[in-house]
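S.K.: The sequence and its predicted three-dimensional model are supplied below.
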There are 2 protein chains.
Amino acid sequence: MQAAILAIGDELVLGQTVDSNSAYLSAELARLGVMTRHHHTVADDRADVAAAFRWAAGEAELIIATGGLGPTDDDLTRDGLADAMGVELVCDVASVRHIQAFFRLRGRPMPDRNRVQAWHPAGSSMIPNPNGTAPGIAATIGRARVFVMPGVPSEMFAMWADAVRPQVEADLAASPSAGSTILTAKVNTFGKGESDVAQLLGDLMKRDRNPLVGTTVSEGIVSVRIRSQFSDAAAAHRELADTIAQVEAHLGPIVFGRDDDTLADKVVALLKEHGRTIATAESCTGGLVGKMLTDVAGSSAVYQGGWVTYSNAMKSSQLGVPPELIAEHGTVSEPVARAMATGAVAHSGADLGVGVTGIAGPDGGSPDKPVGTVWVALAHRDRANPPDTPAATDALLFILPGDRRAVRDRSAKCALQMVRFHLLGVPLSEIRWARRTRTG
Amino acid sequence: MQAAILAIGDELVLGQTVDSNSAYLSAELARLGVMTRHHHTVADDRADVAAAFRWAAGEAELIIATGGLGPTDDDLTRDGLADAMGVELVCDVASVRHIQAFFRLRGRPMPDRNRVQAWHPAGSSMIPNPNGTAPGIAATIGRARVFVMPGVPSEMFAMWADAVRPQVEADLAASPSAGSTILTAKVNTFGKGESDVAQLLGDLMKRDRNPLVGTTVSEGIVSVRIRSQFSDAAAAHRELADTIAQVEAHLGPIVFGRDDDTLADKVVALLKEHGRTIATAESCTGGLVGKMLTDVAGSSAVYQGGWVTYSNAMKSSQLGVPPELIAEHGTVSEPVARAMATGAVAHSGADLGVGVTGIAGPDGGSPDKPVGTVWVALAHRDRANPPDTPAATDALLFILPGDRRAVRDRSAKCALQMVRFHLLGVPLSEIRWARRTRTG
C-alpha cells in the first residue's frame, strides 16, 4: 500500500504556516509499513482541491488529507472532495447534533455557520471529532481510500489515533498482498552533540546497514532513528530490537527514552519509582522546568511546586537566598544556584530541589558571563539524616549556544537530565555540555 | 506568474523531517507578487522526481525545487531533472574546481563522490554555492523556469537571496504582463472561536474580495489572514492597511497583535507602558504563564516572579490560601483562584497578581467539574489606596476543550488576555470563552 498526503490551506501555500501535519502522518504511516510517495499542498481553492484529490487517487491507494474543514467560506475541502467523487454534499444529522452538543457544553448556541461542518459528500461517512466542531470524512475515489481530517494539529492527532489509524491497520490486515514490514524507532538522548553521538555509534551508521541508523537533532535532543525493513515481520521486529539494544549500549546514560518520550516523562517516572518528591526554583527559565514537569499527567504525585524568582528580591524573600550572596557573586553564580535549590527543598519539604539561574539573553551578558551562562544546582536530602540536616547540593555550569528561546529550553533540559542522573546514580560528569562539575 | 515548489527527500516523505523550506519560499515569493499554487514533496526516487518536474511544468511558470543535490547515491534530483528535460547530464569544469577549493579551504582533499555534484542537465546552468559543495541548477522545461537549490536551509537561504531571487525579480520586471504586488498580513485574536470571528467579519470574508480575508486557528489563536493583490504596488499597500483597519474595527479588543506578535509580548509592553508589575500564582498551568511572560526579552522589568503551587500544602504555606477555603470549595474554585491571586500580590509586592487553578486532565474531572474547568483570577492593587488595602480581584470560569496540553495552553492565554483587558480597561465579559464573570 502506498500513500499520498494532501495538506489544504491558503496559509500553507502563502508560507504563513509550516505544514507539520504531513510529516507527522508520514512517520505514522511508516510505522505501519505504508510508504508515503507524495505530499501535496494546495490552497483553499475548490478546483485545486478537487484536482489534487483526483491526481492523488491515480497515484496511491491511500489518501490522507488535512485542513479546510472549518466553518468559514474559505473552507472548501468538503466541496472539492465531492467534486472529485462526482457527487453532491449531503447533511449528516448526527453530526449536527454533535456540533450542537459541543457548543452546549460550553454554554453557547451553535452559530448557524457551523452547520456547514455537518455536510459531506454523498456516499462518504463522517468521522467524529471529540475535540472540535469539524468532523472528519471517510470516502473512496476509485480504488483509493480517502480520509480527511481537520488541520488543527491537536484535533488531527486525536482523530488519527482514535479512528483513522485503526481503519488503516484493518485495511492492511485485510490486504492479500501484505508487503514487506517497515518498522521504525527513535532512541532519544540529551547531553552530547550530534557528531559525538555519531562517533559513538561508529559502524552502526553505515548507509548499507539494515536496520538503517541515522541521527537528527531537535531542540537539543539528539535522536537516533532506526528503520528496519524485512519481508518477514518477525525478522523486522527482532532486528529492530537488536539494533536498539546496540545503540543504547554504545550511548550509555545520555539515552533517556524512546519515540515520543520526554525527559520530564522519565524524571516523573523515576521519582515515582524512588518515592521521592521535587520542587523547583527558577530564574532564567521563568517557570519552564515546572511547565515541563507538569506537562506529564500525574506529575502531582511527585511535584510539590516551585518558585519563579525572577527578581532578586523574590530570591531572597521567598527562598532565603542571602542578599549578600547575590551582591558578592552575582545573580548568575554557583552559590546563588545552590542557595535557590536548598531554599526550594527547605520551603517545600520536597526531597529534591532544582535551582536554575542564568543569562538567557539577548541582553545581560558580559565578557565574564556571556549570554548562555547558566548555573543549575540540585539539592537532595538524605532521609536517613535528621530532618534539620542541610541538604547536599551538586552544581553544574553550562555555557549554552543559541538564542534566548534555545538557552532557556536547554537550561530546563539540563536540569531535568541532572535530576535523572542523580536518581540513577550516574556521575554528573556524563553531561558533557557542562563546563564544570562540583558536588558539595 | 504562478509558482510550484518541489521538496525532494526520503526524510521528508518518511516524516523524519518537517519541510520548512517550502513555506519559506512561498512567503518570499508572495512578497514578490508571485502566487504559489502547489507544494509537492517526493522521495529521492529518479522517476518520481522526473514526474514531479514534468507535472509542475504543466501547472506553473516558475518551479523552485530544494533537496537531492548532495554527493551520495540517494541524491537523484540532477538525474530526475535531466529526464524531465529529455537531456543527458554533463560535467561543469568550473564547479569541479569550486568543490575542490571548498575542501582545500577546510584542509581536506575532495572525496571522489563529491565530483557528481558538478554534473547538471545539458542546457542548464549552475548556480554557485558559497556555503557548501552542492551548486544549484537553473533550467527551463517548456515555458517554465526551473531553479533547484540545496535542501540544507542555511545553504538554500543564501542561494535564494544571492542568486535566485534576483533572477526571479528580473524575470518579473521583463515580463510584458508585469506582475502584480501581493502583500500579506496577519491579525491575531484570542477569546472568540473561529466561527464567531468569521461572523463578526461578515462580508469582509467574501471569496471574491480583494484584499482577500481568511481565518486560521493555531493553539487557540484565531488569526485573520489578509492577502492584498494589485498591479499597482501603492494600491496593494493602501488596500492592505485599509482592510487591516476594518478587520480590527470589526473584532474589537480580542485583537492583540499582528504577524508574529504573542499575547505575552503585548502584556509585557502594556505593563511597561503603564508602569505596573505582575506576579503569577499557578496550579494547573505549572509555570506556563511565567514561561510565556519570560519568553519576552526584557520581561524582568515588569515580571517579579511567581509560584507554582502544585500541591495544596504549597498553596497554603506559600500564598496563604486558607486550608479551610480549599476544604470547603475545592482546589479548583473561585475563592481559591482569588486567594492565590491576592497571595501573589501580597507576597511579591507586585501591582497585579494572576491566579490559575483548574483541571487539565486526563484525570481529576468530575460531573460537577469536568476536565477543562479552570478558574483564573486577577488581583489588582490601586496605588491610590493605602498600602495595606486588600487587592481587588476579578475572576473568570473557563470550560476549555481539548487535551491536557491544550487546556494548559489555553488557560495561560486566558490569563494573559485577562491581564491585557484589565490594563486596557476593557470589560472582561468580552472574553466569550468564560462561563461566568465576577469582579469583587
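M.R.: Okay, I see it.
S.K.: CA only for contacts and neighbour counts going forward, please
M.R.: Will do.
S.K.: Residues of the stretch 1-150 of chain A that sit close to chain B?
M.R.: A:11-20, A:22-28, A:30, A:35-43, A:71-74, A:106-107, A:111, A:113-114, A:131-132 (Cα under 8 Å from any Cα of the partner chain).
S.K.: Inside strands: which ones of these?
M.R.: Counted as lying in strands by DSSP state E, out of the residues of the stretch 1-150 of chain A next to chain B, are A:35-42.
S.K.: Make TSV from those residues and add pLDDT and neighbour count to it.
M.R.: Listed next are those as TSV, based on pLDDT from 0 to 100; neighbours: other Cα atoms under 10 Å in any protein chain shown:
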residue	pLDDT	neighbour count
A:Met35	87	20
A:Thr36	93	29
A:Arg37	91	23
A:His38	93	28
A:His39	96	26
A:His40	97	22
A:Thr41	97	30
A:Val42	96	25
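S.K.: where does chain A dip in pLDDT?
M.R.: Applying pLDDT under 70 to chain A flags residues A:176-179, A:432-440.
S.K.: Can you tell me which residue is spatially central in it?
M.R.: A:Asp260 (6.3 Å; Cα atoms, centre = their mean).
S.K.: rewinding a little: among the residues of the stretch 1-150 of chain A next to chain B, which ones are buried?
M.R.: Among the residues of the stretch 1-150 of chain A next to chain B, those classed as buried by 16 or more other Cα atoms under 10 Å in any protein chain shown are A:11-20, A:22-28, A:30, A:35-43, A:71-74, A:114, A:131-132.
S.K.: out of everything not next to it in sequence, what's closest to the residue of the stretch 51-200 of chain A found nearest chain B?
M.R.: Relative to chain B, the nearest point of the stretch 51-200 of chain A is A:Asn131 (5.3 Å; Cα to the nearest Cα). Once flanking residues are discounted, A:Asn131 sits nearest to B:Gly402: 5.3 Å by Cα to Cα, 6 or more residues apart in numbering or on different chains.
S.K.: need the contact list for the one you found.
M.R.: A:131-132, A:154, B:372 (Cα atoms under 8 Å, 6 or more residues apart in numbering or on different chains).
S.K.: of all these, which two lie farthest apart?
M.R.: Farthest pair in these (Cα to Cα) is A:Ser154 and B:Gly372. Separation: 15.0 Å.
S.K.: Comparing those two, which residue is more hemmed in?
M.R.: Between A:Ser154 and B:Gly372, counted using other Cα atoms under 10 Å in any protein chain shown, B:Gly372 has the larger neighbour count: 24 against 19.
S.K.: Can you get me a residue count around the residue nearest to the more buried one when sequence neighbours are not counted?
M.R.: Leaving aside its sequence neighbours, B:Gly372 sits nearest to B:Leu400 (Cα to Cα, 6+ apart; 4.5 Å). Burial of B:Leu400 is recorded as 23 neighbouring residues (other Cα under 10 Å).
S.K.: Same question for the one 4 residues further on.
M.R.: Close neighbours of B:Arg404, defined as other Cα under 10 Å, add up to 21.
S.K.: Which residues are in contact with it?
M.R.: A:295, A:297, B:360-362.
S.K.: Just the element for A:Ala7, please.
M.R.: Using DSSP states H and E, A:Ala7 sits in strand A:2-8.
S.K.: Run through who's touching that strand.
M.R.: A:19, A:21-22, A:25-26, A:34-44, A:49, A:52, A:56, A:59-68, A:77, A:151.
S.K.: Just the CA atoms of that strand, as PDB, please.
M.R.: What follows is strand A:2-8, C-alpha atoms only, in PDB (Å, rounded to 0.1, in the frame of the first residue of the first chain):
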ATOM      1  CA  GLN A   2       1.300   3.400  -0.900                       C
ATOM      2  CA  ALA A   3       0.000   6.700   0.400                       C
ATOM      3  CA  ALA A   4      -0.400  10.300  -0.800                       C
ATOM      4  CA  ILE A   5      -0.800  13.100   1.800                       C
ATOM      5  CA  LEU A   6      -2.700  16.300   1.000                       C
ATOM      6  CA  ALA A   7      -2.400  19.500   3.000                       C
ATOM      7  CA  ILE A   8      -5.100  22.100   2.200                       C
END
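S.K.: and the longest helix for chain A?
M.R.: Longest helix in chain A, counting residues (DSSP state H): helix A:404-424.
S.K.: returning to that earlier point: backbone dihedrals for the residue nearest to the centre of chain A, please?
M.R.: The phi and psi values for A:Asp260, taken as degrees, to the nearest 10, are phi -90, psi 10.
S.K.: Show me where the stretch 201-350 of chain A has its strands.
M.R.: Counting by DSSP state E, counting those that start in this stretch, the stretch 201-350 of chain A has strands at residues A:212-218, A:221-230, A:255-258, A:278-282, A:303-308.
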